[in-house]
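Enquirer: One predicted model, sequence on top.
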Amino acid sequence: ANLSKFSHGGWFTVMLASVLFFVLWLYYAGTKLRKKHINFVNVAEIKPMITALMEDETIEKEATNLVYLAMMYDDDHIDSNIVYSIFRKKPKRADIYWFVHVNITNEPYGASYEVDTIISKKCFFVRLNFGFKVEHKVNLMFSKIVQELVKNGEVDETSRYPSLKQFNIPADFKFIVLQSRIASDERLTPWELIVVKGYRLFKKWGISTAEDFGLEQSNLEEETVPIKLGKLSDIKLERVK
């Protein structure tokens, strides 16, 4: 009886379920592969680098407040992609740096936050805790957190430009969302290549990180950074002159 149902349309249900399973599995495999190769840097190691960058006036200032959506497994380590973005891709000087990590809790509702000071009044780590049914309005929540810190005297958010500061104009903010992409010199296995291409396709179809976190496009920059997954392509290069 079950076989007759299969031939009369049951095959479509099985095929649909199989496709859905493959899509979900491919997304899971891509996420797992990416997380496996994320490197973290000790925050203590970059503190003197951040201080030196803030004071280097030969570098054009990116913004008064530079805000990174960060992946951090604890308060003492930061995603190396952020370090790459700040210091290596193009030095990004700012007066205040913020690293914001969004944590989805096991509770359906509720929103809370934690703030750790990395450099007094200059660099902060913010952890936002959202229930899994709560809309991720990071921009709104972050604004409230900054207002609270200003009220407590933990940070000064008046514009650094004299012409604006005399009128108590608020300082400017710039958000940066990092999108990791496989480096062009990577040598991947055929299976890793399928997973990476499939994951990239799903990310392209799905909602963007900026939309998911409720970030405004007016002060947002999405930046691509390379990640290393496989072995480097072994290309022999000979100098002829």
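Expert: Happy to help now that I have it.
Enquirer: Send over stretch 128-140 as CSV, restricted to the C-alpha atoms.
Expert: Presented in CSV, the C-alpha positions along stretch 128-140 are these (Å, rounded to 0.1, in the frame of the first residue of the first chain):
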residue,chain,number,x,y,z
LEU,A,128,24.0,41.8,23.9
ASN,A,129,21.9,39.0,25.1
PHE,A,130,18.6,38.4,23.2
GLY,A,131,15.9,35.8,23.8
PHE,A,132,15.5,33.6,20.7
LYS,A,133,12.1,35.2,19.9
VAL,A,134,13.3,38.8,20.5
GLU,A,135,13.9,40.9,17.4
HIS,A,136,17.6,41.8,17.1
LYS,A,137,17.4,45.6,17.1
VAL,A,138,21.1,46.0,17.7
ASN,A,139,21.2,49.6,16.5
LEU,A,140,18.5,50.7,19.0
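Enquirer: hang on, residue 85 packs against residue 176?
Expert: Yes: using C-beta atoms under 8 Å, residue 85 is in contact with residue 176, at 6.7 Å. Just so you know, the C-beta spots here come from the backbone N, C-alpha and C atoms, and that holds for glycine as well.
Enquirer: what is in contact with those two at once?
Expert: Shared contacts of residue 85 and residue 176, defined by C-beta atoms under 8 Å, 6 or more residues apart in numbering, are found at 68, 92, 223.
Enquirer: Write a ChimeraX command that selects only the buried members of the residues you listed.
Expert: Filtering the shared contacts of residue 85 and residue 176 down to the buried ones (16 or more other C-beta atoms under 10 Å) takes a single ChimeraX command:
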select :68,92
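Enquirer: Go through the shared contacts of residue 85 and residue 176 and say which is closest to residue 101.
Expert: residue 68 (9.6 Å; C-beta to C-beta).
Enquirer: so the closest one is in which element?
Expert: strand 61-69 (DSSP states H and E).
Enquirer: cool, residue 181 as well?
Expert: Per DSSP H and E: strand 173-182 holds residue 181.
Enquirer: Give me the angle between that strand and strand 61-69.
Expert: 60 degrees (axes from the mean of the first three to the mean of the last three C-alpha atoms, to 10 degrees).
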